[in-house]
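*Asks:* Sequence isn't available, so here's the structure alone:
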């Protein structure tokens, strides 16, 4: 059996696969679909993260492909419908990086509520903004979660340490699901209206694309912090910057973007005196999470091929 790995995977589990399979690892293929299409027919399994576009053009050439492993959770770079129709098993590493993302969200909320990015910038240039920049606590604040899957549930649990109030919107869940997490599931407009911090945990679909735009942000009467560690296209980035400039929100953290890497044309619009955190799609990529994700996919591949 031949396996192709196109994005980074923990070395220990690459070696585990090499002990059982004929493994090719080539990270350049993640952004080179032309070459990927030329060689994919030789492989029984493909292991990717979020950059490799496993679309119809690639899959049409993959006559021998039986398994696609996703080193992460989101599947919007994989044509899952095609795979389903052609008996190609798609396996995400569900839950393996949930702790990492949840910690990122809490860290971002604490950092932005305390205006640390602004304080850092001012202190660095020789100012001393001890009284000119305000700072707030997370304790007692209302955190609104858009989506209430595994990661959001872990955010809810962590936030309880700070005596924060948790509310959530999830159209796919019965409201009673929130009870065991002391979380009220509400209408999305109520979440917008009541939240001091809004964290996004929704998949990217036609219904969630541009969900956070200027009109929806205007409904956020408490000028919240917005945190997106889910999928970039859920947030209209231009509208987000406009909302910040008009003081409709008090800060934002982006770990994901409409286009990745984040284009300079967008980054140049972010002024220096902005209370924001920008990170390169790493909320779920800690050393520990990478090991869990890699171990899970490696073992799932072995089980799938009965090894």
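*Replies:* Happy to help now that I have it. The structure presented is a predicted model; accordingly, all values stated were derived computationally and were not measured.
*Asks:* what's the spacing between the spatially closest residue to residue 217 that is not a sequence neighbour and residue 123?
*Replies:* Closest residue to residue 217 apart from its sequence neighbours, by C-beta to C-beta, 6 or more residues apart in numbering: residue 243 at 4.4 Å. Placement of C-beta: from N, CA and C, glycine included. Counting by C-beta to C-beta, to the nearest Å, the gap from residue 243 to residue 123 is 26 Å.
*Asks:* Following the record's annotation, map out the domains of this protein.
*Replies:* With automatic domain parsing as the criterion, the domains of the chain are listed as 2-96+287-304, 98-278.
*Asks:* Quick check: end-to-end length of the first one?
*Replies:* When you say that, I think you mean domain 2-96+287-304. End-to-end distance of domain 2-96+287-304: 13 Å, with C-alpha to C-alpha, to the nearest Å as the criterion.
*Asks:* for the longest one, same thing?
*Replies:* Domain 98-278 stretches 20 Å from its first residue to its last (C-alpha to C-alpha).
*Asks:* Quick check: residue 110 touching residue 138?
*Replies:* Yes. At 5.6 Å, residue 110 counts as touching residue 138 under the criterion of C-beta atoms under 8 Å.
*Asks:* shared neighbours of those two, anything?
*Replies:* Residues touching both residue 110 and residue 138 (C-beta atoms under 8 Å, 6 or more residues apart in numbering): there are none.
*Asks:* Which residue of these two possesses the greater neighbour count?
*Replies:* residue 138 (20 against 16; other C-beta atoms under 10 Å).
*Asks:* Could you find the closest non-adjacent residue to residue 187?
*Replies:* residue 169 (6.9 Å).
*Asks:* err, residue 190, not the other one
*Replies:* Closest residue in space to residue 190, ignoring its immediate chain neighbours: residue 167 at 7.4 Å, by C-beta to C-beta, 6+ apart.
*Asks:* which residues make contact with the host helix or strand of the one you found from outside it?
*Replies:* Following DSSP states H and E, one finds residue 167 within strand 165-169. Strand 165-169 is contacted from outside by 140-148, 152, 155-156, 159-160, 178, 181-188, 190-191, 194-195, using C-beta under 8 Å, 6+ apart.
*Asks:* are any of those buried, and which?
*Replies:* Using 16 or more other C-beta atoms under 10 Å as the burial test, the contacts of strand 165-169 include 141-148, 152, 155-156, 159, 178, 181, 183-186, 188, 191, 194-195 as buried.
*Asks:* average model confidence for the longest helix belonging to the chain?
*Replies:* Assignment by DSSP state H gives helix 287-304 as the longest helix of the chain. The pLDDT scores in helix 287-304 average 97.
*Asks:* Go through it and flag the buried ones.
*Replies:* Buried residues in helix 287-304, defined by neighbour count with 16+ other C-beta under 10 Å: 289-298, 300-301, 304.
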